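In: no FASTA, just this:
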């Protein structure tokens, strides 16, 4: 209602060109217009610029250890709006641990995690759940309920008392988005592993957060559904009006190369390289981190960057040293 009112007075932001009550601006995303002081601010600064939303998530000097075993060391990450970000690395390097630190499942020994400039350590869990959704690597739970109700669980942070029609509509829209509407009233326990994974991804999307954290979201999917799910996630954050981004931990280098806007390459608990796929996914970086000899097919107007394994698949330590 307030947003419609300001549309009538034609107050626009010089940064994004939208009405001041929008999703593109720092002030709007932080609910700065929910009090009378903020209304006074808009009245007195009509047609003045508001604060741009430069990043959705900031990780600063994050350390995490299991006892004496340091898993993450001085991790610094900045995620901008509308980015699909991949985290790559070998098994046990700390990808899952990092995602859990971002979601307050684990508490880092040092450093901070901020979403929309809010330190998540200072928020209660319902508030964190409104900002961040999480798709785990393995679906451990068997839900004795229909798929529709499983996806509806994603709306829990937004439900004050009763489930609203808006909540049900959001679930239906999400199921349609992933072409999963025919499964809505099937028992979750009767689904295959890949179908369960798609349902859990739909649950995370129905949660409507600012940040999607997804741990190996395509690991149980066939090739067609891998591409379909990643395309839908990419479209979702690209068309979100600067309000959403996704962070995906994956082993699939070609999935990361095809869909990522930005990649972090983890090695020995540290960020070895970061940047756009063409900068990070080099033969040398892949050999250093994964120990495989690969070739790179450059990105073209019609084809994404592609990586293929050469005949000599595994490099020994001496060969890796020689290449350095």
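Out: Structure's in. What do you need? Keep in mind the model is a prediction, meaning the values are calculated, not measured. Residues are numbered from 1 along each chain as shown.
In: Do you have the helices of the chain handy? List them.
Out: For the chain, the helices defined by DSSP state H cover 2-9, 26-29, 36-44, 95-102, 125-131, 147-152, 165-177, 193-206, 223-238, 253-259, 277-280, 283-290, 317-323.
In: Redo these as TSV? Include mean pLDDT, mean neighbour count and distance to residue 65.
Out: C-beta here means a position set from N, CA and C on the backbone, and glycine is covered the same way. TSV is the format used below for the helices of the chain (pLDDT from 0 to 100; neighbours: other Cβ atoms under 10 Å; distance: least, Cβ to Cβ, whole Å):
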stretch	mean pLDDT	mean neighbour count	distance to residue 65
helix 2-9	43	12	46
helix 26-29	44	20	33
helix 36-44	50	13	42
helix 95-102	95	23	10
helix 125-131	90	16	22
helix 147-152	94	22	35
helix 165-177	93	16	37
helix 193-206	93	22	28
helix 223-238	93	16	32
helix 253-259	94	21	27
helix 277-280	94	17	26
helix 283-290	92	18	21
helix 317-323	49	11	26
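In: To residue 62, which of these lies closest?
Out: In terms of Cβ to Cβ, the element of those nearest to residue 62 is helix 95-102, at 6.2 Å.
In: The closest residue to residue 101 other than its chain neighbours and residue 133: what is the separation?
Out: Computed as Cβ to Cβ, 6 or more residues apart in numbering, the closest residue to residue 101 that is not its neighbour in sequence is residue 108, at 4.9 Å. In this view, residue 108 and residue 133 are 20 Å apart by Cβ to Cβ, to the nearest Å.
In: cool, residue 254 as well?
Out: In terms of Cβ to Cβ, residue 254 sits 25 Å off from residue 133.
In: swap in residue 239?
Out: 17 Å.
In: same check, this time on residue 206
Out: In terms of Cβ to Cβ, residue 206 sits 9 Å off from residue 133.
In: for residue 126, same thing?
Out: Separation of residue 126 from residue 133 (Cβ to Cβ) stands at 13 Å.
In: Neighbours of residue 218, how many?
Out: By other Cβ atoms under 10 Å, the residues close to residue 218 number 25.
In: Skipping adjacent residues, who's closest to it in space?
Out: In space, residue 218 is closest to residue 226, 4.2 Å off (Cβ to Cβ, 6+ apart).
In: what separates that neighbour from residue 256, distance-wise?
Out: Residue 226 is 12 Å from residue 256, by Cβ to Cβ.
In: Name the nearest residue to the residue nearest the centre of the chain, ignoring sequence neighbours.
Out: What sits nearest the mean C-alpha location of the chain, by Cα atoms, centre = their mean, is residue 246, with 1.9 Å. Distances taken as Cβ to Cβ, 6+ apart place residue 212 nearest to residue 246, at 4.1 Å, with adjacent residues excluded.
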